[in-house]
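J.: Got a sequence here, can you build the structure:
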Amino acid sequence: MYNIQQLTNMLRSEVEHIPQTGLPLDAFPEKIREIVLDLSRYENFNVEYTASIILSAVATAIGNSCHIRIKGEWKTAPTLYMMLVGRPGLGKTPPLGFIYKPINEQDDRMFEKFNEEWSEYEKIMAAGNRQGDTAQPRKPRLVTTVISDFTPEAMISVHQHNPRGIALVVDEILALFNSVKRYSNRNNLIEDLLTAYSGQPLKAVRKSESRPVFIKTPCINIVGSIQTNLLTEIFKADFVANGLIDRFLFVYPKDRKISAWRRNDGNGSRPDTLSKWREILGKVLNIPCIVEEKNNAVSPLVINMDNEAEEYFYNWYNGIIEEVNAVEDDNDVESRKMKLNGNAARLALIFQIMKWAAGEGEMRSIELDAVKAAVRMIEYYEGSYRRTQKAVVTGSIGNTKDAWLSLLGNTFTSGEAVIAGRKVEMSRRSVYYALEQLCRLKDPVIEKASHGVYRKTTSDASCTIALSDADNTGNIVQSAKVQSADNYNPSGHE
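T.: Alright, predicted model coming up:
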């Protein structure tokens with residue numbers, strides 16, 4: 001039987017056409033589901049962005065206070081790397097500020113405390129100098145969670161002072177990737193993020209510190225937005241090759257139309273959504289995070305899956321393993337699939353703690369419905385990722401990539417297409433999506449001859465590549481003239 005709140009949320013979801021988005025909003029606790037729907041109605045927030053940012057904020061609030069046991073000694077913090085994709089004006093930034101507000105407010109309180117302690121510290125230092133006292137009081141440390149503009153060294157320093165965990169909340173996530181080039185070739189930001197995601201210790205040796213910085217159990221969450229036309233900058237070969245992109249969850253709504261503003265009809269009072277959200281997230285922020293003073297190491301509460309949840313989780317992931325094992329060519333194995341178990345487990349922990357914080361569950365174990373909710377969200381994010389990949393292919397096959405098909409004969413294999421792609425800086429994944437898209441056009445440029453073998457549909461000196469967002473419409477999004485391989489002069493090729 002459904003209660004009144006469940007029925008109301010179901011009806012509101014239907015009115016808002018949420019089932020068509022693919023987002024399993026019904027997997028969220030009812031109180032949080034109501035918050036998402038209220039923000040959509042009264043703030044015009046995009047439901048998909050809002051629900052996903054809530055997961056990111058809860059992950060940040062949990063931090064190193066609680067870990068989930070995935071298998072044996074494999075335990076992990078709820079670290080999520082998340083990217084919000086969309087055209088300008090689709091509403092990526094407003095929900096980010098609203099959902100993270102309780103954490104930012106906590107940071108403000110900690111900053112006020114730091115200022116008070118610093119003033120007292122300066123008084124003691126001044127008094128000590130007058131009296132000739134050589135004893136040095138401990139210098140105050142600023143404890144903060146959210147950082148937006150930072151150097152790699154500052155990121156590690158902030159985390160050192162906040163062992164519970166930190167969040168990189170960046171309005172334009174491209175700036176984070178570009179910062180790799182900003183601080184010379186010795187910048188270890190990407191390596192640090194890969195290490196932190198895996199839960200391995202972070203170490204940093206700096207001239208300004210008397211001893212190395214060592215974070216035994218890092219917990220870094222990332223959430224930021226990016227415009228669709230800038231995706232090709234993110235999907236560069238380096239970031240794809242090192243596996244950083246595979247660790248990101250992508251939020252790219254199917255419906256890219258900007259919603260019209262709706263006026264309040266004046267009937268009934270406006271809900272105090274922020275207070276409701278503060279109460280839920282505040283409960284998570286108040287979960288104790290035990291820190292050993294001697295070595296600044298955390299001792300998280302480790303939560304296990306119950307029997308039903310573990311069986312469901314293992315069966316789900318074993319299905320992915322079977323798919324990977326069925327692939328004959330190692331080059332055809334999609335490495336991203338092997339990262340899904342980690343993200344799914346983290347989401348399961350987040351869902352279980354959200355249920356507890358909303359008064360709809362306990363924290364004794366990870367239950368079956370939390371695991372099912374996590375798996376459904378993974379399926380949603382992977383659908384989002386595939387849409388992102390198609391957008392990347394559309395953006396990357398342009399005049400600068402004309403040489404790709406010209407490097408191939410009239411008949412070629414997928415392996416040859418990958419090799420040709422490398423010469424024009426196309427990743428293997430982009431090549432496979434391009435092959436798929438080019439075959440699906442209303443007037444296809446290539447066709448699949450057999451498994452792994454393709455042939456061009458024209459042998460003219462030039463042909464037009466046109467990729468479409470919609471598989472069946474045939475609408476041209478972008479085009480580029482490409483010479484055929486028969487007329488390509490290899491003398492200019494390396």
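J.: Could you point out which residue ranges in the stretch 51-200 of the chain have low pLDDT?
T.: 129-135, 180-187 (pLDDT under 70).
J.: how about Ile234, what does it touch?
T.: Taking C-beta atoms under 8 Å, 6 or more residues apart in numbering as the criterion, Ile234 is in contact with 83, 173-174, 177, 226, 245. From N, CA and C alone the C-beta is placed, and that goes for glycine too.
J.: so can I have CSV of those showing distance to Phe214?
T.: What follows is the contacts of Ile234, written out as CSV (distance: C-beta to C-beta, whole Å):
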residue, distance to Phe214
Met83, 29
Ile173, 28
Leu174, 31
Phe177, 26
Ile226, 33
Ile245, 28
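J.: Helices of the stretch 51-200 of the chain, residue ranges please.
T.: Along the stretch 51-200 of the chain, the segments classed as helices by DSSP state H, counting those that start in this stretch run 93-99, 101-131, 152-161, 174-182, 189-197.
J.: chain center to the longest one: distance?
T.: Centroid separation for helix 101-131 versus its chain: 34 Å, with C-alpha atoms, centre = their mean, to the nearest Å.
J.: Identify each of the strands in the stretch 251-400 of the chain and give its residue range.
T.: Ranges of strands within the stretch 251-400 of the chain are 291-292, 297-298, 301-303, based on DSSP state E, counting those that start in this stretch.
J.: ok so, going back, from the contacts of Ile234, which two are the most distant?
T.: With distance counted by C-beta to C-beta, no two of these lie farther apart than Leu174 and Ile245, which are 13.0 Å apart.
J.: which one of the two has more residues nearby?
T.: When Leu174 is set against Ile245 and neighbours are counted by other C-beta atoms under 10 Å, the residue ahead is Ile245, at 23 against 17.
J.: how near is the residue nearest the centre of the chain to Leu142?
T.: Nearest residue to the geometric centre of the chain (C-alpha atoms, centre = their mean): Met82, 1.5 Å. Distance check for Met82 against Leu142: by C-beta to C-beta, to the nearest Å, it reads 26 Å.
J.: With His161 instead?
T.: Going from His161 to Leu142 by C-beta to C-beta gives 6 Å.
J.: related to what we said a few turns ago, mind putting the strands of the stretch 251-400 of the chain in a markdown table, mean pLDDT and mean neighbour count included?
T.: Below are these laid out as a markdown table (pLDDT from 0 to 100; neighbours: other C-beta atoms under 10 Å):
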| stretch | mean pLDDT | mean neighbour count |
| --- | --- | --- |
| strand 291-292 | 90 | 13 |
| strand 297-298 | 90 | 18 |
| strand 301-303 | 97 | 15 |
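J.: May I see these arranged in JSON lines, with distance to Val375 as well?
T.: Shown next, in JSON lines, are the strands of the stretch 251-400 of the chain (distance: least, C-beta to C-beta, whole Å):
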{"stretch": "strand 291-292", "distance to Val375": "33"}
{"stretch": "strand 297-298", "distance to Val375": "28"}
{"stretch": "strand 301-303", "distance to Val375": "17"}
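J.: so which of those gets nearest Ile68?
T.: Going by C-beta to C-beta, the one of those nearest Ile68 is strand 301-303, 5.6 Å.
J.: Among the helices of the stretch 51-200 of the chain, which comes closest to Gln437?
T.: helix 174-182 (24.1 Å).
J.: Give me the distance between Ala309 and Glu367.
T.: Spatial separation of Ala309 from Glu367 under the definition C-beta to C-beta is 6 Å.
J.: Need the per-residue pLDDT for the closest residue in space to Ser414 that isn't next to it in sequence.
T.: With sequence-adjacent residues excluded and distances taken as C-beta to C-beta, 6 or more residues apart in numbering, Ser414 is closest to Gly452, at 4.8 Å. pLDDT, the model's per-residue confidence, is 88 for Gly452.
J.: wait, doesn't Gly452 sit right on Phe412?
T.: No: when contacts are counted by C-beta atoms under 8 Å, Gly452 is not listed as touching Phe412 (9.9 Å).
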